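In: Give me coordinates for this.
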Amino acid sequence: MTSDTSPNALPQDSSAVDLENTKVMALLAEIEDLKACFQQILLKEKNDYDSLNKSYGGTD
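Out: Numbering: from 1, shown residues only. The predicted structure follows:
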C-alpha cells in the first residue's frame with residue numbers, strides 16, 4: 001500500500017491525532033458557549049418583546 005500524501009490525509013502519528021482531537025474538542029466547547037450566549041440573547045429579546053406588547057395592550 002502507498003501512503004496518502006494528499007492535504008486531506010489523516011495524520012498517521014498518534015500525537016498528531018491527539019492534537020487534532022484536542023482542537024476539535026476546543027472548537028466544540030466554544031460552539032456550545034456561543035450557543036448558550038445566543039440563547040440568552042434570544043430569551044432577553046423575547047422577554048423585551050412580550051413586555052412591550054403587554055404594555056401597549058397587545059395579546060400574545
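
In: Would you map the helices across the protein?
Out: With DSSP state H as the criterion, the chain has helices at 14-55.

In: got any ranges where it has weak pLDDT?
Out: When residues are selected by pLDDT under 70, those of the chain lie in 1-7, 9-11, 58-60.

In: Against Phe38, how distant is the most centrally placed residue in it?
Out: The chain has Ile31 as the residue nearest its centroid, 2.1 Å off, counting by CA atoms, centre = their mean. Here Ile31 is placed at a distance of 10 Å from Phe38 (CB to CB, to the nearest Å). Every residue, glycine included, has its C-beta placed from N, CA and C.

In: Same question for Val17.
Out: Distance from Val17 to Phe38, by CB to CB: 31 Å.

In: Kindly report the same for Lys44.
Out: 11 Å.

In: Next: Lys23.
Out: For Lys23, the distance to Phe38 - CB to CB - is 23 Å.
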